[in-house]
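[1] here is my input; please provide its structure:
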Amino acid sequence: MRPWSVRRGIGSVHLLVGLAADHGIPASACLRGSHIRADSLADPLAEIEAAQELTVVRNLVRHLGHLPGIGLEAGRRYRLTAYGIWGYALLSSRTLGSATEFGIRYLDLTFAFNRFRAERRADDLRILLDDGDIPPECRQFLVERDAAAAVGIQRDLFLRPVPLRRVSFRFARPPYADRFPEYFPGPIFFGEPVHGVTIDAKWVDEPLPQADERTARLCEEQCRDLLDRRRSGARVSAQVRQHLLRPRGGTQMGGVAAEMGMAPRTLHRHLAAEGTSFRRLLDEVREALAEEMLAYRMTVGEVAERLGYAEVSSFVHAFRRWKEESPGRYRRQSPRRRREAGTRRARTAS
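    Got it, this is the predicted structure:
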């Protein structure tokens, strides 16, 4: 199971849809296939699966991935207050160092897809990003977004930019490299072994202007309760996805329900309570797997068979509904798509 399997707030999707709208892309195009209702974006308490946000990211990259630095532009929108109680916990922390430690410990309450790790050294603090779990087609966008958002959080904590000793990215220098200094106030290097930012020790130990020990303790209690609730609520929909993703996993509701130790009617009731259905989950999994298989040059017939379709025509019909194009056309364009946007996939492959 991927490390970002914990449910998350809908705030990030709200920001991404806003970014798309500013570039002329309607919300319906961003939300396509995510099973997120547009009217839920305004609900501050709404929660979604990380996979649903990832679908939105895929749609955004598909429509706007050709724009230089679109990931950086997205990251700038993630102000500290967008993170709810997690953000207020950081604001009330004693120092940047303690805020960083807390933020990483409760990272599952954020919108990050990269995993963060901090290394405290004698004269600096290095914060590293691990993109190993992110699908290749979204990787550079999400590295840029999450890194820019992290540096923006540091700025919000001090109410002014925090100078960086060093900024590194694993991908090759992009054509829009001259835009990075707008987001990262320090020397920037590309083609490095790791993604990361390095901060001088004097900033790490600097007291934060809004530090408050009592508020910090209260916020941490609320963060702990929220994370426990999200983790313990082992949602039936997430379990169904895991069953469907397994090699030779069944595609019939009765078989999956039996593997989960419940009657089909009970499974249907649980999924309805979570705002989804077995058919919807099966569609989500099939769509994601179809993209991957076609990108790896499997034929349309092979993909249809692997996904459990009795007829190739049924798969073609479903794929057109998901992507508004035929699987054959999608397959033919896969190499070109990988070459576009500055050979994004080649540069970011791990």
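[2] for residue 311, give me its contacts.
    residue 304 (CB atoms under 8 Å, 6 or more residues apart in numbering). C-beta here means a position set from N, CA and C on the backbone, and glycine is covered the same way.
[3] and it, what's its pLDDT?
    Looking at residue 311, its pLDDT reads 91.
[4] distance-wise, check it relative to residue 330.
    Distance, residue 311 to residue 330, by CB to CB, to the nearest Å: 19 Å.
[5] just residue 263 next, same as before
    Between residue 263 and residue 330 the computed distance is 38 Å (CB to CB).
[6] higher neighbour count, the two?
    The neighbour count for residue 263 versus residue 330, taken as other CB atoms under 10 Å, is higher for residue 330 (19 against 12).
[7] residue contacts, the more buried one?
    Contacts of residue 330 by CB under 8 Å, 6+ apart are 291, 294, 319, 323.
[8] which residues are contacting stretch 195-213?
    The contact list for stretch 195-213, computed with CB under 8 Å, 6+ apart, reads 91-97, 99-100, 114, 120, 122-131, 143, 147, 150-151, 154, 157-159, 162-170, 184, 186.
[9] in strands only, show me those residues.
    Residues from the contacts of stretch 195-213 lying in strands, with DSSP state E as the criterion: 120, 124-130, 166-168.
[10] show me which pair in those is furthest apart.
    By the measure CB to CB, 124 and 130 form the most distant pair in the ones in strands among the contacts of stretch 195-213, at 19.3 Å.
[11] now do the contacts for the residue nearest the centre of the chain.
    Centroid-nearest residue in the chain: residue 113, 4.1 Å away (criterion: CA atoms, centre = their mean). The contact partners of residue 113, taken as CB under 8 Å, 6+ apart, are 4, 50, 54, 57, 131, 133-134, 138, 142, 146.
[12] quick one: the helices in the stretch 1-150 of the chain?
    11-22, 27-31, 50-64, 70-76, 85-91, 96-105, 136-158 (DSSP state H, counting those that start in this stretch).
[13] how far off centre is whichever strand or helix holds residue 281?
    In this assignment (DSSP states H and E), residue 281 forms part of helix 278-295. Centre-to-centre, helix 278-295 and its host chain are 18 Å apart (CA atoms, centre = their mean, to the nearest Å).
[14] and for residue 29, the neighbour number?
    Burial of residue 29 is recorded as 15 neighbouring residues (other CB under 10 Å).
[15] please read the previous query as pertaining to residue 21.
    Neighbour count for residue 21, taken as other CB under 10 Å: 12.
[16] hey, C-alpha coordinates of stretch 37-46 in CSV?
    What follows is stretch 37-46, C-alpha atoms only, in CSV (Å, rounded to 0.1, in the frame of the first residue of the first chain):
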residue,chain,number,x,y,z
ARG,A,37,-18.5,16.5,-7.1
ALA,A,38,-17.8,20.1,-8.0
ASP,A,39,-20.2,21.2,-5.2
SER,A,40,-18.1,19.4,-2.6
LEU,A,41,-15.1,21.7,-3.2
ALA,A,42,-16.5,24.4,-1.0
ASP,A,43,-17.0,22.0,1.9
PRO,A,44,-14.1,22.5,4.3
LEU,A,45,-14.8,19.2,6.1
ALA,A,46,-15.0,17.1,2.9
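[17] need the contact partners of that stretch.
    Residues contacting stretch 37-46 (CB under 8 Å, 6+ apart): 9-11, 13-14, 17, 27-28, 31, 84.
[18] show me what counts as buried in it.
    Under the neighbour-count criterion of 16 or more other CB atoms under 10 Å, stretch 37-46 has 40-41, 46 buried.
[19] try stretch 154-163
    154, 156-157, 162.
[20] which of those residues sit farthest apart?
    Greatest spatial distance among the buried residues of stretch 154-163 (CB to CB): 156 and 162, at 10.0 Å.
[21] tell me the backbone dihedrals of the residue nearest to residue 142 when sequence neighbours are not counted, please.
    Distances taken as CB to CB, 6 or more residues apart in numbering place residue 113 nearest to residue 142, at 4.8 Å, with adjacent residues excluded. The phi/psi pair for residue 113 (degrees, to the nearest 10) reads phi -110, psi -30.
[22] okay, stretch 226-241 in PDB with CA atoms only?
    Provided in PDB are the C-alpha atoms of stretch 226-241 (Å, rounded to 0.1, in the frame of the first residue of the first chain):
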ATOM      1  CA  LEU A 226      -7.500  13.600  13.300                       C
ATOM      2  CA  LEU A 227      -4.800  11.400  12.100                       C
ATOM      3  CA  ASP A 228      -6.000   8.500  14.300                       C
ATOM      4  CA  ARG A 229      -9.500   8.900  12.900                       C
ATOM      5  CA  ARG A 230      -8.300   8.900   9.300                       C
ATOM      6  CA  ARG A 231      -6.100   6.000   9.800                       C
ATOM      7  CA  SER A 232      -8.400   3.900  11.900                       C
ATOM      8  CA  GLY A 233     -11.300   4.400   9.600                       C
ATOM      9  CA  ALA A 234     -10.100   1.600   7.400                       C
ATOM     10  CA  ARG A 235     -12.500   2.500   4.600                       C
ATOM     11  CA  VAL A 236     -14.200  -0.400   2.800                       C
ATOM     12  CA  SER A 237     -13.600   1.400  -0.500                       C
ATOM     13  CA  ALA A 238      -9.800   1.400   0.000                       C
ATOM     14  CA  GLN A 239      -9.900  -2.300   0.800                       C
ATOM     15  CA  VAL A 240     -11.900  -3.000  -2.400                       C
ATOM     16  CA  ARG A 241      -9.300  -1.000  -4.400                       C
END
